[in-house]
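S.K.: Below is the sequence, then the predicted model.
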Amino acid sequence: MKKLVQDHKEIFIEQLLELLKIPSISADRQYKEEVKKTALWIKNALNDIGCSTVQLYETEGHPIVYGEIRTADKAPTVLVYGHYDVQPPDPLELWDSPPFEPVIKKTELHPNGAIFARGACDDKGQMFMHLKAIELLMKKNALNCNVKFVIEGEEEVGSDHLEKFITDHKSMLQSDIILISDTGINSIENPAITTGLRGLSYMEVTVTGPNRDLHSGLYGGTVANPINVLCEMIASLHDENKRVNIPGFYDRVVEISETERQKMNENGTDDNSFKNAIGIEAVAGEKGYSILERRSIRPTLDVNGIWGGYTGEGAKTVIASKAHAKISMRLVPDQDWKTISQLFEKHFRSIAPQGVKIDVTTHHGGSAYVTPTDSLAYKAAEKAYHEVFGTIPHAKRDGGSIPIVPMFEKVLGSKTLLMGFGLDSDAIHSPNEHYGIDNFLKGIETLTLFYPYFTTLHQK
C-alpha cells in the first residue's frame with residue numbers, strides 16, 4: 001500500500017489543504033455558515049470515495065454527516081468517528097501565517113514538511129486519513145468489511161447534540177468497533193496506540209463584589225476586591241504537594257499498580273526533552289509522580305482563563321465589580337464528572353469570603369476511558385503499525401479527553417480503538433497548529449492495513 005499512498009500523495013495533500021481553508025469554528029456563531037459549508041464538503045467527499053449512503057443530519061447545533069459502505073452482511077463493521085469543526089484560532093497575532101491559509105513548511109521534527117493551519121491535526125487532517133484510506137481500498141477492490149462514518153461539527157464545543165443523534169439512530173450505527181484518530185504517537189520512530197483517555201469537567205466561576213467598578217483610591221482597602229478574592233480562592237485549590245484541595249475529589253480515583261506504572265515509564269517522557277519542547281526550566285505537578293503519570297493517570301485542576309477589571313492600554317485605577325475564570329479538571333477512572341462538578345461548586349462556594357457573591361456554571365464534561373489491549377481490533381492495529389513503522393507500538397494513556405468515547409460505549413455497546421498519528425508538538429488548540437506530511441501519509445497507509453487485518457482476525 002505504501003506505493004499506492006505515495007502515488008496519490010499530491011492530490012491527497014491538495015484536497016486536505018482545500019478542506020483546511022474553510023474556517024469551521026463551531027464556538028463562534030458568526031461562522032455558522034462556514035461550518036455548514038464544511039459539512040457539505042465532507043458529504044461530497046464521502047460520496048467521492050464510494051459511500052453508497054451519505055446523509056447530512058441537521059441538529060439544533062451544527063450538522064452531523066453520515067456515510068456508509070456495505071460489502072457483505074456477515075462482514076465485520078467499523079464505525080469511524082471524526083469531527084470537522086475546529087478551535088478558534090486566537091490569538092491571531094501569534095500565528096506565523098494566517099490560520100485558514102494553510103502552508104507547508106519544513107521543520108526540525110518534520111524534515112519532509114508539515115501543514116500549518118487550524119485543524120491540520122485536530123481533527124481535519126486525522127479524520128481525512130480515514131476517507132483516503134477507504135478510497136484506496138475501494139480502488140483496489142480490497143475493502144472486505146463494512147464501514148460507517150459519523151463526522152460531527154460540535155466536538156470542540158462539547159458535542160451537545162451527538163448523544164441524541166446516536167441514541168435516535170442506534171440500530172443504524174451498530175458496529176464491531178469504533179475507530180477514532182484524534183490522538184497521537186510519541187514520534188515518527190516510536191509509535192503508540194492510545195489505550196486511555198482522561199475525563200473532563202469544565203467550569204466557569206464569577207466573583208461579584210460592589211455593584212459597579214470603583215475608584216481604587218477612594219474605595220481601596222474598604223471592600224473585597226473580586227479579582228484579589230478570585231486569585232486567593234484559586235490559589236487555595238491546590239495543597240503544598242500540588243494535590244487538588246477539594247474534599248472528596250480523590251475518593252474514587254483508581255490507583256495504578258506499581259508494575260503498570262513501571263511499564264508505563266519505560267516508554268515515558270525524557271524530562272529534558274519535555275522541558276525544552278515547551279521552553280520551561282522546571283516541571284511542576286503532584287508530588288510522587290513522573291511527568292508521564294501526571295499527564296495521564298492522575299487527575300488535575302487548571303485555570304484556563306481569568307479576567308476582570310481594566311486590561312486595555314495604559315492605566316485605569318479601578319476595583320472591578322466582577323472577576324471571572326474558566327477552570328478545567330481532567331479526571332481518571334472512576335471519577336464521575338458530574339459528581340466532581342458538584343464537589344467543585346460546593347467547595348468553591350464554601351471558601352468564598354463575606355462581601356462577594358459567587359456564581360458557578362458547569363459547561364460540559366465526560367468520563368475517563370480505558371480501551372482493552374486484547375481485542376481483535378487492537379491486535380489488527382498493532383500489526384498495521386508494526387508493518388508501517390517497523391516497530392511494535394506500545395500502549396499509552398493519554399492526558400486529553402474525548403468525552404464522546406464512553407458515551408459511545410454506553411449507548412451503542414461498542415468498544416473504541418484510538419489510532420492517532422499526531423505529535424505533542426503539533427500545537428493543537430494553539431497558534432501555529434500543524435501536522436506532519438509523513439504522519440499524514442503513514443496514517444493513511446496504516447489504516448489501509450488495519451481494515452483487512454481486522455477482517456481476517458474477525459473471521460478466524
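M.R.: Happy to help now that I have it.
S.K.: which ones are touching the closest residue in space to residue 91 that isn't next to it in sequence?
M.R.: Take residue 91 and drop its neighbours on the chain: the residue closest to it by C-beta to C-beta, 6 or more residues apart in numbering is residue 431, 6.6 Å away. C-beta here means a position set from N, CA and C on the backbone, and glycine is covered the same way. By C-beta atoms under 8 Å, 6 or more residues apart in numbering, residue 431 lies in contact with 89, 91-92, 94-96, 99.
S.K.: ok, now residue 25?
M.R.: Taking C-beta under 8 Å, 6+ apart, one finds 31, 34-35, 85-89 in contact with residue 25.
S.K.: Let me have these in CSV, extended by distance to residue 325, pLDDT and neighbour count.
M.R.: Below are the contacts of residue 25 laid out as CSV (distance: C-beta to C-beta, whole Å; pLDDT from 0 to 100; neighbours: other C-beta atoms under 10 Å):
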residue, distance to residue 325, pLDDT, neighbour count
31, 26, 98, 20
34, 30, 98, 17
35, 28, 98, 24
85, 25, 98, 27
86, 24, 98, 31
87, 19, 97, 19
88, 18, 97, 16
89, 22, 97, 21
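S.K.: now the residues you listed as TSV including secondary structure and distance to residue 154?
M.R.: Putting the contacts of residue 25 into TSV (DSSP: H, G, I helix; E, B strand; the rest coil; distance: C-beta to C-beta, whole Å) gives the following:
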residue	secondary structure	distance to residue 154
31	helix	13
34	helix	14
35	helix	9
85	coil	6
86	strand	11
87	coil	12
88	coil	14
89	coil	18
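S.K.: Could you pull out the helices in the protein for me?
M.R.: Using DSSP state H, the helices of the chain run over residues 2-7, 9-20, 32-48, 124-139, 162-168, 216-219, 226-235, 258-266, 271-278, 291-294, 337-350, 376-389, 404-412, 437-459.
S.K.: sorry, back to before: look up how far residue 344 lies from the residue nearest to residue 91.
M.R.: 30 Å (C-beta to C-beta, to the nearest Å).
S.K.: Likewise for residue 297?
M.R.: For residue 297 relative to residue 344 (C-beta to C-beta), the value is 21 Å.
S.K.: What does the pLDDT read for the residue lying closest to residue 397 once chain neighbours are set aside?
M.R.: In space, and not counting its chain neighbours, residue 397 is closest to residue 196: 3.5 Å by C-beta to C-beta, 6+ apart. On pLDDT, residue 196 comes in at 92.
S.K.: How about residue 196: which residues does it bridge to?
M.R.: Listed by DSSP bridges, the beta-bridge partners for residue 196 are residue 370, residue 397.
S.K.: Isn't it up against residue 398?
M.R.: Yes: with contacts counted by C-beta atoms under 8 Å, residue 196 reaches residue 398, the gap being 6.4 Å.
S.K.: Common neighbours of those two, please.
M.R.: residue 296.
S.K.: quick one: least confident helix or strand in the protein?
M.R.: Between all helices and strands in the chain, the lowest mean by mean pLDDT, DSSP states H and E belongs to helix 258-266, at a mean of 84.
S.K.: Any regions of this structure where pLDDT drops low?
M.R.: Low-confidence regions of the chain, defined by pLDDT under 70, span residues 268-269.
S.K.: Break it into its domains for me.
M.R.: Domain segmentation of the chain under automatic domain parsing yields 2-197+369-459, 199-253+299-366.
S.K.: So for residue 263, which of those domains sits nearest?
M.R.: With C-beta to C-beta as the criterion, residue 263 lies closest to domain 2-197+369-459 of these, at 8.8 Å.
S.K.: can you list contacts of stretch 48-63?
M.R.: Applying C-beta under 8 Å, 6+ apart, the contact partners of stretch 48-63 are 26, 32, 35-36, 39-40, 43, 46-47, 64-70, 85, 131-132, 134-135, 138, 149, 152-154, 157, 160-161, 164-165.
S.K.: what's the span of it, first residue to last?
M.R.: Length of stretch 48-63, first residue to last, C-alpha to C-alpha, to the nearest Å: 19 Å.
S.K.: Quick check: buried residues in it?
M.R.: 49, 51, 54, 61-63 (16 or more other C-beta atoms under 10 Å).
S.K.: For residue 283, which non-adjacent residue is spatially closest?
M.R.: Spatial nearest neighbour of residue 283, excluding adjacent residues (C-beta to C-beta, 6+ apart): residue 291 at 5.8 Å.
S.K.: number of nearby residues for the one you found?
M.R.: 16 (other C-beta atoms under 10 Å).
S.K.: In this structure residue 128 contacts residue 13, no?
M.R.: No: look at residue 128 against residue 13 with C-beta under 8 Å: they stay out of range, at 10.1 Å.
S.K.: neighbour-wise, which of these two wins?
M.R.: Legend: neighbour count by other C-beta under 10 Å for residue 128 and residue 13, higher for residue 128 (26 against 18).
S.K.: thinking again about what came up before, go through the contacts of residue 431 and name the one nearest residue 391.
M.R.: Among the contacts of residue 431, residue 96 lies closest to residue 391 (C-beta to C-beta), at 32.8 Å.
S.K.: quick one on the thing from earlier: need the helices of the chain in CSV with distance to residue 307, can you?
M.R.: CSV is the format used below for the helices of the chain (distance: least, C-beta to C-beta, whole Å):
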stretch, distance to residue 307
helix 2-7, 46
helix 9-20, 30
helix 32-48, 26
helix 124-139, 30
helix 162-168, 30
helix 216-219, 17
helix 226-235, 9
helix 258-266, 37
helix 271-278, 24
helix 291-294, 27
helix 337-350, 17
helix 376-389, 43
helix 404-412, 29
helix 437-459, 36
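S.K.: Tell me which of these lies nearest to residue 205.
M.R.: Shortest distance between residue 205 and the helices of the chain, using C-beta to C-beta, is found for helix 337-350: 6.2 Å.
S.K.: residues in contact with the closest one?
M.R.: Contacts of helix 337-350 (C-beta under 8 Å, 6+ apart): 199-201, 203, 205, 233, 246-249, 252, 327, 329, 331, 358, 360, 362, 365-367, 403.
S.K.: Just to check, residue 433 is in contact with residue 427?
M.R.: Yes: the criterion here is C-beta under 8 Å, and residue 433 meets it with residue 427 at 4.8 Å.
S.K.: Please say which of the two ends up with more neighbours.
M.R.: Counted by other C-beta under 10 Å, residue 433 and residue 427 do not tie: residue 433 has more neighbours, with 26 against 18.
S.K.: List the contacts of that one.
M.R.: Counting by C-beta under 8 Å, 6+ apart, the residues that residue 433 touches are 99, 116-122, 426-427.
S.K.: and the gap between it and residue 185?
M.R.: 17 Å.
S.K.: next one: residue 35
M.R.: Counting by C-beta to C-beta - residue 35 and residue 185 are separated by 29 Å.
S.K.: wait, what's in contact with residue 194?
M.R.: Residue 194 touches 183-184, 371, 396-398, 418, 420, counting by C-beta under 8 Å, 6+ apart.
S.K.: Format those residues as JSON lines; extra columns: distance to residue 278.
M.R.: JSON lines is the format used below for the contacts of residue 194 (distance: C-beta to C-beta, whole Å):
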{"residue": "183", "distance to residue 278": "19"}
{"residue": "184", "distance to residue 278": "15"}
{"residue": "371", "distance to residue 278": "28"}
{"residue": "396", "distance to residue 278": "19"}
{"residue": "397", "distance to residue 278": "20"}
{"residue": "398", "distance to residue 278": "17"}
{"residue": "418", "distance to residue 278": "23"}
{"residue": "420", "distance to residue 278": "20"}
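S.K.: Before I go, just wanted to say thanks for your time.
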